[in-house]
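Asker: Got a sequence here, can you build the structure:
(chains A and B)
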Amino acid sequence: AQSVTQLDSQVPVFEEAPVELRCNYSSSVSVYLFWYVQYPNQGLQLLLKYLSGSTLVKGINGFEAEFNKSQTSFHLRKPSVHISDTAEYFCAVSGRGQAGTALIFGKGTTLSVSS
Amino acid sequence: NAGVTQTPKFRILKIGQSMTLQCTQDMNHNYMYWYRQDPGMGLKLIYYSVGAGITDKGEVPNGYNVSRSTTEDFPLRLELAAPSQTSVYFCASSYSAGNGETQYFGPGTRLLVL
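Answerer: Here you go, the predicted structure:
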């Protein structure tokens, strides 16, 4: 079984500041890791995902995340945020080869960018 | 392509009423999922389907039923609505599962049970 912990429920930042949203996971098997973003009153869309290979993953809108197996973390970063990045961000995990388990989501982090 | 579409966008139900949340995808995906999202709780899987005629329970299936008669459609049925079912419901789909596939989400249905 897998679980995901998003360490911050809310992250307020000023525009053009860097941001890091933290995600730790727990699993007894190898996993795939995902970050999804949910803009207000919309569905979720994929920001980026880690499947294998390079531990630094680049996604859309200037976001990137680093997979750290020893620390079981997958933190999301952006060097300079915009007002339009205000949204809720979800970290998720799925087990490799486990077709029926779908995605296990964290509780979400609300990123609020102000000017 | 419309992707994943859901209807209705918003609904108010009285306790004990029933309703069906509709979900359709036009990407020829085999896998479809229903999640519910409660504030501060993330998304929880209700039911999923690996193809037409095949469905299985997720983490929180009680009070819900599903069917999958076609590849495109995956309706979610609430038989006796309860206040605990007040939530936002998301349908998602993917081509396959278990290999890191991206799930594509619909815009959601906001349900209020009074």
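
Asker: quick one: the helices in the chain?
Answerer: I'll assume chain A. Assigned helices in chain A: none (criterion: DSSP state H).

Asker: Oops, wrong one, chain B.
Answerer: Counting by DSSP H, chain B yields no residue ranges for helices.

Asker: mind checking how far A:Lys69 is from chain B?
Answerer: Using Cβ to the nearest Cβ, to the nearest Å, A:Lys69 is found at 16 Å from chain B. The C-beta positions use only the backbone N, C-alpha and C, and glycine is treated the same way.

Asker: who's in contact with the residue lying closest to that residue once chain neighbours are set aside?
Answerer: In this structure, A:Lys69 finds its nearest non-sequential neighbour in A:Thr55, 7.8 Å apart by Cβ to Cβ, 6 or more residues apart in numbering or on different chains. Contacts for A:Thr55 (Cβ atoms under 8 Å, 6 or more residues apart in numbering or on different chains) come out as A:Glu66, A:Phe67, A:Asn68, A:Lys69.

Asker: among those residues, which are in strands?
Answerer: When DSSP state E defines the strands, the subset of the contacts of A:Thr55 inside them is A:Glu66, A:Phe67, A:Asn68.

Asker: For the closest residue to B:Leu21 other than its chain neighbours, report the pLDDT, please.
Answerer: Across the structure, with Cβ to Cβ, 6+ apart as the measure, the residue nearest B:Leu21 apart from its sequence neighbours is B:Leu76 (4.4 Å). B:Leu76 carries a pLDDT score of 98 in this model.

Asker: try A:Thr101
Answerer: Taking A:Thr101 on its own, its pLDDT is 56.

Asker: Quick one: distance of stretch A:69-89 to the chain centre.
Answerer: A distance of 6 Å separates the centroid of the chain from that of stretch A:69-89, by Cα atoms, centre = their mean, to the nearest Å.

Asker: In that stretch, which residues are buried?
Answerer: Neighbour-count burial for stretch A:69-89 flags A:Thr72, A:Ser73, A:Phe74, A:His75, A:Leu76, A:Lys78, A:Val81, A:Asp85, A:Thr86, A:Ala87, A:Glu88, A:Tyr89 (criterion: 16 or more other Cβ atoms under 10 Å in any protein chain shown).

Asker: list the contacts for residue 35?
Answerer: Assuming you mean chain A. Contacts of A:Trp35 (Cβ under 8 Å, 6+ apart): A:21, A:23, A:46-49, A:59, A:63, A:65, A:74, A:76, A:89-92.

Asker: You answered for a different chain; I wanted chain B.
Answerer: B:Leu43, B:Lys44, B:Leu45, B:Ile46, B:Gly58, B:Tyr89, B:Phe90, B:Cys91, B:Ala92.

Asker: The second one contacts B:Glu59, doesn't it?
Answerer: Translated: B:Lys44. Yes - at 5.1 Å, B:Lys44 and B:Glu59 qualify as touching, with contact defined as Cβ atoms under 8 Å.

Asker: Looking at B:Glu79 now. What's its pLDDT?
Answerer: Confidence at B:Glu79, expressed as pLDDT, is 90.

Asker: What degree of burial does it show, as a neighbour count?
Answerer: 12 (other Cβ atoms under 10 Å in any protein chain shown).

Asker: Quick check: the gap between it and chain A.
Answerer: As it turns out, when the distance is counted by Cβ to the nearest Cβ, B:Glu79 lies 23 Å from chain A.

Asker: B:Ser18 is in contact with that residue, correct?
Answerer: Yes - counting by Cβ under 8 Å, B:Glu79 touches B:Ser18, with 5.1 Å between them.

Asker: State the distance from the residue of chain B most remote from its centre to A:Tyr32.
Answerer: For chain B, the residue at maximal distance from the C-alpha centroid (Cα atoms, centre = their mean) is B:Asn99, at 21.6 Å. In this structure, B:Asn99 and A:Tyr32 are separated by 8 Å, where distance is defined by Cβ to Cβ, to the nearest Å.
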